[in-house]
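> Pasted the sequence and its predicted model underneath.
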Amino acid sequence: MFYLIYVSSAVKLMNHDELLLLLDQARKKNQELGATGMLLYQEGNFMQMLEGEKEIVLDLYEAIKKDDRHRGVIKVLTDEIGERNFKDWSMGFFNMDETGVLPNYNDYIDENLTLKSFHADSENAYKFMLLFNEINR
Ligand SMILES: Cc1cc2nc3c(=O)[nH]c(=O)nc-3n(C[C@H](O)[C@H](O)[C@H](O)COP(=O)(O)O)c2cc1C
């Protein structure tokens, strides 16, 4: 198994319906591909973790990069993993504009998902994503 985490910026602020449409497309295709993961949205920024077979994840990332709903796509971290962290999620989703940022996350979140701390220590991005797995349980 393999994962990839990237951050990006929406070309414009996205409303609830636009995010649901995006998520619907992503989930359908991920189910076909056997990909899983978690997508976060906050104030026009995305952060996504994709997991699955390496080739599938890398191809999917290339396809997602071309999507004109976002730009400035930056790969933060990739690695091999023993097993999926989001095995029950064809694509989990948190709109942090709606849920709010929970206090524990302040260790990782300074301002928004473009996060300096992710660049300073990209492992933080992985730890950060796993926090969302715990909420889902
Ligand atoms: C932030 C963001 C995340 C996305 N995540 C996924 C994803 O996890 N899986 C996916 O198939 N498509 C995802 N997409 C959508 C793809 O870019 C693309 O629109 C979708 O796969 C449909 O492609 P197709 O119609 O060419 O098959 C995402 C798009 C954006 C902007």
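All right, it came through fine. These numbers come from a predicted model, not from an experiment.

> and the residue sitting nearest the centre point of the chain, which of the three is it?
Centroid-nearest residue in the chain, with CA atoms, centre = their mean: Gln48, separated by 1.2 Å. The three-state assignment at Gln48 reads strand, by DSSP: H, G, I helix; E, B strand; the rest coil.

> these two touch, right, it and Ile5?
Yes. With contact defined as CB atoms under 8 Å, Gln48 reaches Ile5; the gap is 7.0 Å. In short, each C-beta sits where N, CA and C put it, glycine included.

> mind listing the strands for this structure?
Counting by DSSP state E, the chain has strands at residues 2-10, 36-42, 45-52, 70-80, 92-95.

> Just checking: what are the partner strands of the second one?
Strands that pair with strand 36-42, judged by DSSP bridges, come out as strand 45-52 (antiparallel), strand 92-95 (parallel).

> tilt between the first one and strand 2-10?
Going by axes from the mean of the first three to the mean of the last three CA atoms, to 10 degrees, strand 45-52 is angled at 160 degrees with respect to strand 2-10.

> Does strand 45-52 reach the ligand?
Yes. Residues of strand 45-52 are located near the ligand by CB under 6 Å from any ligand atom, namely 46, 48, 50.
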